[in-house]
Structure formats: C-alpha cells, structure tokens
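Q: any chance you could fold what I've pasted below:
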Amino acid sequence: MKIRDFLKRESPCFSFEFFPPKEEAGFQSLFETVKLLKQLDPTFVSVTYGAGGSTRRKTIDLVTRIKHSLGVESMAHLTCVAASRQEVQQVLEELVANRMENVLALRGDPPKGQAAFLPDPRYANELVHFIRSHYDLCIGVASYPEKHPECASLEQDLINLKRKVDAGADFLITQLFFDNRDFFSFVERARKAGINLPIIPGIMPILSVPQIKRFTEMCGAKIPGELLQRIESVQNDPAEVERCGVEYATVQCHELLEERAPGIHFYTLNRSKATWEIFKNLKS
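A: Predicted coordinates for the structure are as follows:
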C-alpha cells in the first residue's frame, strides 16, 4: 500500500527506520528486531541506503523480505549521488519487480574520499522528477527543520525543498530534532511557501552521548542546553542515558501528536527497546 494513502487516514502513522548491517550475521538479528517491533503495528518501516549506494543490494533485500515475509509495508531509501541514470533505473526496476510501492528519494552523500556528484540525476529534486516520470511509486523526501547543513540559509533550504515537492513528492520526513519549536516553525514556513504535503517529524531517542553528538554534528541539528547538560551528567551510565533519552522523546512525541503531527518516524538505530518504551509511555 502506498504511504500517501495511509496518511489520508485520521489516525497517526508510526514508522521505524533501520539500516542494513555491515556483516551478514547481523541480518537475522535485525530481522528479529523488526519482528518484535511489528507487534506495535507500525504503518511502515524504511531501510537506508549507504553512502554512494554502497548497501544497494542489502537495502533491496531487506525491504522485500520485511514486506513479503513479515507483512509490514516497507520503503526503500534511494540515493542518486555517484550513480548513473542507468544504475538508478536498475534499482527502481528491481523494486517494482519485487512489488514495492514506496521510495524515499535522496541526493545522498558521496563515498568517503569522493567529492564528485555525477549529473542527471544529481540532486534530489531531479531524482524525484525521474521517478515520477517513469514509475507509479509513492515518493517521500527529506526535510530539515533546522536547515540542511550544506545550505546557506533557512530561506534557500525551503526553496530547495519546494523544488522536490514540485517535482512530484508525496510526503516529507524530517531530519532528527530535539526542540519541537523548530519543527512547528518549519511547518509554518513550509505552509506559507505553498508546501501542503504531510510532514512527518523524525525522532531519534538518545542512546549514547558521543553517538548523538556525532549525529547532530553531521546533520546540523542542535541539542538544547538543558537536555545536553542532563545527558552529560549521566554519560558514564548507559542505562541512565537511555532512560533520559526515552523520557525526553516521549514528551516530544506527545506534544507533536497533540499538535496534530501526521505521525512519528523513529530513527531506531536498529534497536527495539527504546522505541518500545516510548510507545508504552505514550499509551499510558
């Protein structure tokens, strides 16, 4: 089922993001994690694509297995960086052959040590246009409440996002953020710019202080001072860090849903416990 059809329902969508393990031995462990989280009845799950398409085969295999073996709707990430038009088309043809209906269209990052961006399609809006022109797929795109780290301003970032929307996107998923005011401000600015698609907030429960610092530095997000002080004070106690992360994410999600966000997209880091705890807290 296409995700855009799920988003037409009154009930919020809940989705989980996973990444392909580097080692083959990790695949069964990840599959067990997905099976466990299936009990929470997610709307869909997504599987990421490595830098420069380095996990292409694993991504296709995972989304296909999750959809057809577990019966959970799946979405493959697809990047166009460092890929020719023929390579992009090959992936799309395989996804369609496997009866996949959803794709998250991204520019992506070049493999380590490479800075080149091959032309046509080179940017996410060009990839969206290519998919929309040739395939009957539901297309999601990324958005950045605090702007893309490579973008000079919030205004330019919104212009770039509008290009993706106008090219044929169906819905948006945001990068992680920790201050809901950034999300609400972003949605307001997007609506004024004529972007009226569903915008799903992306939430990452904090599981490790060094890890979350590394992630936020990479994606241009900020950690509010009070939250940073709180997790740094317990950073030598992993269980307490995770407890703080779950507690904070629960409050975030509750407020987002109260303000009628269309759902929550969880960056799970291939773990189930934190997401499970957040769901339990929201229900109570």
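
Q: can you list the weak-confidence ranges in the stretch 51-200 of the chain?
A: Low-confidence segments of the stretch 51-200 of the chain (pLDDT under 70): 51-55, 110-120.

Q: how does it look with 90?
A: In the prediction, the stretch 51-200 of the chain carries residues with pLDDT under 90 at positions 51-58, 80-87, 107-123.

Q: contacts for the helix ranked longest in the chain?
A: Counting by DSSP state H, the longest helix found in the chain is helix 238-258. By CB atoms under 8 Å, 6 or more residues apart in numbering, the list of residues contacting helix 238-258 from outside reads 12, 178, 180, 183, 201, 203-209, 212, 227, 230-231, 234-235, 264, 273-274, 277-278, 281-282. For every residue, glycine as well, the C-beta is placed using N, CA and C.

Q: what subset of these is buried?
A: Using 16 or more other CB atoms under 10 Å as the burial test, these include 12, 178, 180, 183, 201, 203-209, 212, 227, 230-231, 264, 274, 277-278 as buried.

Q: ranges for the strands of the stretch 101-250 of the chain?
A: Using DSSP state E, counting those that start in this stretch, the strands of the stretch 101-250 of the chain run over 102-106, 138-143, 171-176, 199-203.

Q: tell me which of the ones you listed lies nearest to residue 33.
A: Among the strands of the stretch 101-250 of the chain, the nearest to residue 33 by CB to CB is strand 199-203 (17.3 Å).

Q: now do that closest one against strand 171-176, angle only.
A: Orientation note: strand 199-203 sits at an angle of 30 degrees relative to strand 171-176 (axes from the mean of the first three to the mean of the last three CA atoms, to 10 degrees).

Q: how far does strand 199-203 sit from the chain's center?
A: Relative to its parent chain, strand 199-203 has a centroid offset of 8 Å by CA atoms, centre = their mean, to the nearest Å.

Q: no further questions, thank you.
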